[in-house]
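In: coords below, sequence missing:
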C-alpha cells in the first residue's frame, strides 16, 4: 500500500527561497507543497486552513519570527518542523530545536533550486520526518539551566567509555541526557551526532552549559579523562586509539564506506577495541541504522547496549534496527537514559 501524501507548508521571508524549496519538495515522490508563507503570522493561519503534515521554517522573519511561531505551534497544533537556516545562525538553530523543531538543514544565504547538496539532504530529512512520533520540545521553550561543574582530578583515567549515536531528534535528546548525568561519572562520554560541519562546536558549547560534566568538541589527539564529554566534529568521524590506560581521539575524514557522518558505527567499533567490556553504547532517535554494526562489536567484547524506546524517539529507525538485531540490553524512554548510564558505569566497579 502506498503511503499517504505528505503535505508541506514552506515558511520563509525570501520569495526566492520559497520558490526554490517548493521546487525541490515538488520533485520528491509522495510530497506536495500545500501552502507558502512569508512570516509566522501568515504561517499560523495556513496551519489551520491547509493542515500541513510538515513545515519547513526559516527563523529570521518580519512581523513574527520563527521562534514565536514555534512556541505557538507546539502549544496549539504540534507537528514536525524542519528548520532551514543559514550557517551564520548556529545558536538560533539549537534554540529552535529546544522549542520543538525536529531537525535542521544549513543553507546558503541564497538558495538555488539546482543546489544538489541541499536537494539531497532535504529529500532525506523530509522522508525521515514522515515517521516522526514526538514533536514536543525537550525544554519547554527555554534553554537548559547552566549547571555547576565539579572539578575532577586532572587526566583521571576513565573506567569506562559511554558512546552515543544519534540522528534526527538527537540534539534535544542529548541536551536532556547531559543535564541528567552526575558530576562524578567515572567514564568518558563520546558522541556521534549526525550534523553538518560548523555546527558541532556551537552544539558542544550549548550542551556544556546544561551539563555537570565538561563538554567540548573533540580534536585530533585529545586525551580522554573521566567526566569529559567529547562531541565528534560535523562531517567527520571519531575513533579511539591507544590503550585503555592511555586512550586518545583520532578525527578521521569521511570514506566511501561511511553512509552517515559522524559515524556511530566507527565510534562504537573503536571503543570496543580499546575499552572491551567497559563500553556502554547508547543508540538514540534517528533514521536508518547507524550504530547497529557498532553494537555488534560492543556485544562481542561483553559491553552493554542501551536503546531509546519508541515512545520517546522522534524517528525510531536507529533504535529499531538495534532491537531487531537482538542487540539491546535495555530499551528505555529518554527520561530514564541518563540514570541508566550512571547505573551501568557504577556496575562495572562491582
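Out: Right, received. Where do you want to start? In this text the structure is predicted, and so the values were computed from the model without any measurement.
In: pLDDT on stretch 167-184, on average?
Out: Regarding stretch 167-184, the rounded mean pLDDT is 95.
In: tell me the buried residues in that stretch?
Out: Across stretch 167-184, burial judged by 16 or more other CB atoms under 10 Å covers 167-182. C-beta here means a position set from N, CA and C on the backbone, and glycine is covered the same way.
In: just flag the most distant two among the residues you listed.
Out: Greatest spacing in the buried residues of stretch 167-184, by CB to CB: 168 and 182 (27.8 Å).
In: which ones among the buried residues of stretch 167-184 are found in strands?
Out: In strands, defined here by DSSP state E, there are no members of these.
In: and the helices in the stretch 201-350 of the chain, which stretches?
Out: 264-275, 292-300, 317-324, 334-347 (DSSP state H, counting those that start in this stretch).
In: nearest to residue 102, of those?
Out: Of the helices of the stretch 201-350 of the chain, nearest to residue 102 by CB to CB is helix 317-324, at 13.2 Å.
In: now do the buried residues in the closest one.
Out: Quick answer for helix 317-324 (16+ other CB under 10 Å): 317-323.
In: what sits against residue 161?
Out: Applying CB atoms under 8 Å, 6 or more residues apart in numbering to residue 161 gives the contacts 187-190, 224, 240, 247, 271, 274-275, 278-280.
In: correct me if wrong: residue 44 contacts residue 71.
Out: No. In this structure, residue 44 is not within contact of residue 71 by CB atoms under 8 Å, at 10.9 Å.
In: could you find the closest non-adjacent residue to the residue nearest to the spatial centre of the chain?
Out: Per CA atoms, centre = their mean, the C-alpha nearest to the average position across the chain is that of residue 170, at 2.5 Å. Using CB to CB, 6 or more residues apart in numbering and skipping residues adjacent in sequence, the residue nearest residue 170 is residue 193, 4.9 Å away.
In: burial check on the one you found, number of neighbours?
Out: 24 (other CB atoms under 10 Å).
In: bridging residues for it?
Out: residue 166 (DSSP bridges).
In: contacts only, for it.
Out: With CB under 8 Å, 6+ apart, residue 193 has these contacts: 164-167, 170-171, 174, 200, 203, 231-232, 262.
In: what do you get if the cut-off is 10 Å, keeping everything else the same?
Out: 164-167, 170-171, 173-174, 199-200, 203-204, 207, 231-232, 234, 262, 264, 284, 286 (CB atoms under 10 Å, 6 or more residues apart in numbering).
In: next one: residue 59
Out: 11-13, 40, 65-67, 69-70, 83-86, 89, 92-93, 95-96, 101, 104.
In: quick check, the residue nearest to the centre of the chain in contact with residue 192.
Out: Yes. Between residue 170 and residue 192 there is a contact under CB atoms under 10 Å: 9.4 Å.
In: count of neighbours near residue 229?
Out: Neighbour number of residue 229 under other CB under 10 Å is 25.
In: now residue 342: how far from residue 111?
Out: Taking CB to CB, to the nearest Å as the measure, residue 342 and residue 111 are separated by 44 Å.
In: so the two - more neighbours on which side?
Out: residue 111 (23 against 18).
In: pretty sure that one sits against residue 19.
Out: Yes. Contact criterion CB under 10 Å: residue 111 and residue 19 qualify, at 9.1 Å.
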